[in-house]
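> dropping a prediction and its sequence here:
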Amino acid sequence: MQFFSQLLAKLVFCIGLMITVISFVLASVAGSGLGGVPIIGITLMIIGAVLWRKTSTKVCPGCAERVKYQARKCRYCGADLAG
């Protein structure tokens, strides 16, 4: 499940990046204003980055700090995370 969540986060980020780059290129070629298209792309990039952070970390039950998903021991309080 974590793999698919991370894949979705990367996909959302990449789609946002493509929309942003394409809109900047089209605006420079046409010589017109950017409009609202880069905002959509930038928003998707931010959502993808937040999703990636949330899926690559988990909350420690002992101290409520975010630690890596693969961690077996919390680096802040030393709580056992395996299980």
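Done, it's in.
> can you map out the strands along the chain?
With DSSP state E as the criterion, the chain has strands at 57-59, 66-68.
> the residue nearest to residue 16 when sequence neighbours are not counted: how many residues sit nearby?
Nearest residue to residue 16, sequence neighbours excluded (C-beta to C-beta, 6 or more residues apart in numbering): residue 44, at 2.8 Å. Where C-beta positions appear, they are placed from N, C-alpha and C, glycine not excepted. For residue 44, the neighbour count with other C-beta atoms under 10 Å is 20.
> is it correct that residue 44 is in contact with residue 19?
Yes: counting by C-beta atoms under 8 Å, residue 44 does reach residue 19; the two are 6.6 Å apart.
> follow-up on the earlier one: need the contact list for the residue nearest to residue 16.
With contacts defined as C-beta atoms under 8 Å, 6 or more residues apart in numbering, the neighbours of residue 44 are 12, 13, 15, 16, 19.
> format these as JSON lines; extra columns: distance to residue 40.
Listed next are those as JSON lines, based on distance: C-beta to C-beta, whole Å:
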{"residue": "12", "distance to residue 40": "12"}
{"residue": "13", "distance to residue 40": "13"}
{"residue": "15", "distance to residue 40": "10"}
{"residue": "16", "distance to residue 40": "8"}
{"residue": "19", "distance to residue 40": "6"}
